Every structure is written in C-alpha cells, then in structure tokens.
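>>> Sequence and predicted structure below; questions after.
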Amino acid sequence: MSEQSTNRTALPFRPMLELEMEMEVFMSDWLHCNQMSNYVARMVSHDRSDPVRHANLLSSALNELFEISFRSGSVPGRLHCDISRGDHLERIALTFPCTPEQRHLYRDASAKASGSGALESYLDALADENSVQEDIILLGLAINYDASLSLREVDGRALTVILDIPVEGLLN
C-alpha cells in the first residue's frame, strides 16, 4: 500500500448516497448486483474530472462488494450501502447479514488484503483453483484499486465491509 493508503483514516468523509433494501428482495435476482452498482456509481460520479471513467471504476468495485453480499446466502435482514467522499477517496460501507462462519472468512481475507504480502497472497489465490472466493475478491479490490479495507461486525448478525478507494488517483 502507498503512504497515502496509511493516512486514509484521518480524512473527513462527506455523505454522498445511501441505499437500503431487504436482503430477500436483493437476493431474488443476481442482476441486482450489477444494476445497483451501476446506478450508485453514476449518481456519485457526476462531478468528478472524468465522470464516465470514475463511474466505471467505482461500479466495478461496488459490483464486487454486492456480489460478496449476494453470495452470503442471506440471513433475513437488510442490505445497507453508504457512499461517502473524502478529498481523494470514495468510501463504500456495505452492511449485510451473514453467518459467523462467513464473518470469519471475511476477517481472514481482510487480514491478507491489509498485510504486507497482499500482492503475493492475491497472486497465490488466483493461481489456486481451491482458493476461497472471498479472498480473491477482497484481495483483488485492495490490489487492483489501491484500496484499504476494514470490517466491522454489527449486532453479531451482520458485517460492514468498508472500502476506501482513491478512484481519481488510479492510473488504469
């Protein structure tokens, strides 16, 4: 991670968009992942230097997070997505219900994504056909988007995945 990554927590974030829906409705169609990520990304990218590029990059990252929540298999509850903006970062906070076993998988993946060997872990996960999908997705977000990742348990029934992405500063 870059030096900028290590200083991300000190930045103030301004709310941009909040979205909430019942997991049962969300889980009724796989296309909701793509539809919601495109909608949210377009809504918060209108004022960026290159809104189309910004929306495309943000939509891709959002889609990965929505897919993780979709794969959780849904425990009754709500999907909640907050998008906020710091000076050079977009913050995605996605909360969704999941089992304790799933939360453990996400914690392991988050630890790998935050560690000094994140790139090596990501390449190993890509090369191993038995890799846990959560590892590949979360490591991919950290590596490909130079994103920082953190997790927060909510009431012992849900998990919030927080992703800080320097979308404006990405080269690709």
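Nice, thanks for sending it over.
>>> Which strand residues bridge the nearest residue to Ser150 once chain neighbours are set aside?
Leaving aside its sequence neighbours, Ser150 sits nearest to Ile162 (C-beta to C-beta, 6 or more residues apart in numbering; 4.7 Å). No exception for glycine: its C-beta is placed from N, CA and C like everyone else's. Taking DSSP bridges as the rule, Ile162 bridges to Ala93, Ser150.
>>> Met21 in helix, strand or coil?
Counting by DSSP: H, G, I helix; E, B strand; the rest coil, the backbone at Met21 sits in strand.
>>> Which strand residues bridge it?
Under DSSP bridges, the beta-bridge partners of Met21 are Leu79.
>>> burial count for the residue nearest to Ser150?
Residues near Ile162, counting by other C-beta atoms under 10 Å, number 18.
>>> Would you mind measuring from it to Pro76?
Taking C-beta to C-beta, to the nearest Å as the measure, Ile162 falls 23 Å from Pro76.
>>> so how far is Leu58 from the residue nearest the centre of the chain?
Residue closest to the mean C-alpha point of the chain, counted by C-alpha atoms, centre = their mean, is Leu65 at 4.3 Å. As judged by C-beta to C-beta, Leu65 and Leu58 stand 11 Å apart.
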